[in-house]
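Colleague: Sequence and computational prediction follow.
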Amino acid sequence: MIVTGSAKIEMKGPGETAILGPGGFAMMPTKHVHQFTCNSACSAFVSSDTTFDIHYVDASGSEIPPDVALEKK
């Protein structure tokens, strides 16, 4: 759930993009490729019904290490 600011969420598949503002929320299933990007400075609450586990992937869907995914572009 977005508390402040604005964010874009995307899930792999057609038409799976949304822009969220304060009070907006999205449910993203586990084991699905998705991306969350703040459009402006934002704060969000994240809740999970299972262990929170992040796997970074490249544009082709192949897993990449965190240092590669998080390097400044």
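Modeller: Good, I have the coordinates.
Colleague: Would you state the strands of this protein in chain order?
Modeller: Assigned strands in the chain, in chain order: 2-4, 7-11, 17-20, 34-38, 43-44, 56-57, 63-64 (criterion: DSSP state E).
Colleague: do you know which of these lies nearest residue 28?
Modeller: Nearest of the strands of the chain to residue 28, taken as CB to CB: strand 34-38 at 4.8 Å. Every residue, glycine included, has its C-beta placed from N, CA and C.
Colleague: Check the offset of that closest one from the chain's centre.
Modeller: Relative to the centre of its chain, strand 34-38 is centred 3 Å away, using CA atoms, centre = their mean, to the nearest Å.
Colleague: Identify all contacting residues around that strand.
Modeller: Defining contact as CB atoms under 8 Å, 6 or more residues apart in numbering, one finds that strand 34-38 is touched by 5-12, 28, 44.
Colleague: could I get the strands of the chain as JSON lines with mean neighbour count and distance to residue 70?
Modeller: Formatted as JSON lines, those follow (neighbours: other CB atoms under 10 Å; distance: least, CB to CB, whole Å):
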{"stretch": "strand 2-4", "mean neighbour count": "15", "distance to residue 70": "22"}
{"stretch": "strand 7-11", "mean neighbour count": "16", "distance to residue 70": "17"}
{"stretch": "strand 17-20", "mean neighbour count": "14", "distance to residue 70": "22"}
{"stretch": "strand 34-38", "mean neighbour count": "13", "distance to residue 70": "13"}
{"stretch": "strand 43-44", "mean neighbour count": "14", "distance to residue 70": "18"}
{"stretch": "strand 56-57", "mean neighbour count": "13", "distance to residue 70": "8"}
{"stretch": "strand 63-64", "mean neighbour count": "11", "distance to residue 70": "10"}
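Colleague: Okay then, goodbye and thanks.
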